[in-house]
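Enquirer: how would this look folded up:
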Amino acid sequence: MPYLLSPALCGAFFCLFNISHYFHPMNRLLYIFFLIALVSITSFRHHQSISSPLKVFSISGFAQGTSYHIRYSGEYPLLNKADIDSLLNKLDSSLSLYKSYSLINQFNHSRSGIIADDHFSNVVNKAVEISEKTNGSFDITIKPLLSLWGFYNNKRSRIPTLGEINKIKMHVGYQKLKWEGARLMKDDPLIQLECDGIAQGYSVDQIASYMNHLGIHNYQIELGGEVFVKGKMPQDVFWKTGLDILHANANPREHQLLLENEAVTTSGSFSKFSKIGNSYFGHILDPEEGRPVDNGIISVSVIAQDAITADAYDNAFMVMGVMKSMRYVQDKTKTGLYIIYRTRNGVIKDTANPYFKTKISPFAEASPHSR
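Expert: Sure thing, here's the model as predicted:
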């Protein structure tokens, strides 16, 4: 498309050109070159200002046993679905329990450990960091307990005995992991890892990193309910990110969150419960107790600066309980926490810290496709 000059620019150019007649011939030539350069730059900027408006592009797919949705703004498409699928497949090769060849499965089946790649080591290091900060409320070595409770084969015919739980707990504990260079070691052959409570958040962050590399600066990524948002939509509008907020009569209703350059993740829901005999249990285990949490919490949503942090904390807070979790985030200025819980009397209530409350839009409800 040629760069067209406005009438005002044309008039200014010819006026300045006429002035050149008063210069020495050599100086006049330099002056004309200067005018040409100035007009070229001005016309280019003018062309940019009237270029086609920003559009919103979308990519959707399936990965990691769930769906993903990516939206971003730009003048033309920059993101390729095949590249996103390739990235997620690569992450699965490190972190998925459903890939027999994955590094995490190699570690779980090894006697002493394996050499880790960057993805595996990043997730393990972050998991251990959150474990230390929450006194073990989050622990990726919990897989043996999950197997005992039948979480992988859906065969929950009975509740394990206290003796069975205590026996398995001997093989659980993030403190039993250690690094020797690039090699992740375990001092107990029965130590096994389970990264589902953190891997999807990490996957979202990796997609975000890839989009940043492509020069995309305004986007929303959602993978299995884990969301990261950067920048805004065209016309300075927040990306539509929805979350169920409790309303009258304990009915949840979706509201928009005003997120910018941060993530939100949720653990738990009104439907994520399993039945063993006549008892119902949640899907989150307390590493210390060796059994599913029973503290009344229904769901936890966390806002953080990246998705891996939010993802790990939402699991930890499910274990820590309402009061302890709220105290934990009191001095965390950039961490939002929202909890829906059931009281001892069976009443469903909710609570949120001040930072989370600032992120709830008082006006707009989100579109049904945002979460």
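Enquirer: against residue 361, how distant is residue 250?
Expert: 21 Å (CB to CB, to the nearest Å). (C-beta placed from N, C-alpha, C; glycine too.)
Enquirer: go on, residue 343?
Expert: According to CB to CB, residue 343 stands 28 Å off from residue 361.
Enquirer: quick one, phi/psi of the residue lying closest to residue 216 once chain neighbours are set aside?
Expert: Leaving aside its chain neighbours, residue 216 sits nearest to residue 72 (5.0 Å; criterion: CB to CB, 6 or more residues apart in numbering). Per-residue torsions, residue 72: phi -150, psi 160 (degrees, to the nearest 10).
Enquirer: ok, residue 72 - contacts?
Expert: Counting by CB atoms under 8 Å, 6 or more residues apart in numbering, residue 72 touches 56, 57, 78, 79, 211, 216, 218, 219, 220.
Enquirer: in helices, which of the residues you listed fall?
Expert: Here DSSP state H is the test, and these give residue 211 as lying in helices.
Enquirer: just the buried residues from the contacts of residue 72, in PyMOL please.
Expert: PyMOL command restricting the contacts of residue 72 to the buried ones, with burial defined by 16 or more other CB atoms under 10 Å:
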select buried, resi 57+79+211+216+218+219+220
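Enquirer: ok so residue 267 is a strand residue?
Expert: Yes - per DSSP: H, G, I helix; E, B strand; the rest coil, residue 267 lies within a strand segment.
Enquirer: what is the neighbour count of the closest residue to it other than its chain neighbours?
Expert: With CB to CB, 6+ apart as the criterion, residue 267 has its nearest non-adjacent residue at 3.9 Å, and that residue is residue 314. Counted by other CB atoms under 10 Å, the residues lying close to residue 314 total 30.
Enquirer: cool, residue 294 as well?
Expert: Quick note: residue 294 (other CB under 10 Å) scores 12 neighbours.
Enquirer: and the helices in the stretch 201-350 of the chain?
Expert: 307-320, 322-328 (DSSP state H, counting those that start in this stretch).
Enquirer: equivalent analysis for the stretch 51-200 of the chain, please.
Expert: 81-95, 103-109, 118-133, 143-148, 162-169, 199-213.
Enquirer: buried sites along the second one?
Expert: What it means is helix 103-109. Buried, per 16+ other CB under 10 Å, within helix 103-109: 103, 104, 105, 106, 107, 108.
Enquirer: could I get those residues as JSON lines with distance to residue 307?
Expert: Putting the buried residues of helix 103-109 into JSON lines (distance: CB to CB, whole Å) gives the following:
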{"residue": "103", "distance to residue 307": "21"}
{"residue": "104", "distance to residue 307": "19"}
{"residue": "105", "distance to residue 307": "24"}
{"residue": "106", "distance to residue 307": "25"}
{"residue": "107", "distance to residue 307": "23"}
{"residue": "108", "distance to residue 307": "24"}
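Enquirer: look up how far residue 105 lies from the nearest residue to residue 65 once chain neighbours are set aside.
Expert: Closest residue in space to residue 65, ignoring its immediate chain neighbours: residue 98 at 7.0 Å, by CB to CB, 6+ apart. Using CB to CB, residue 98 is found at 9 Å from residue 105.
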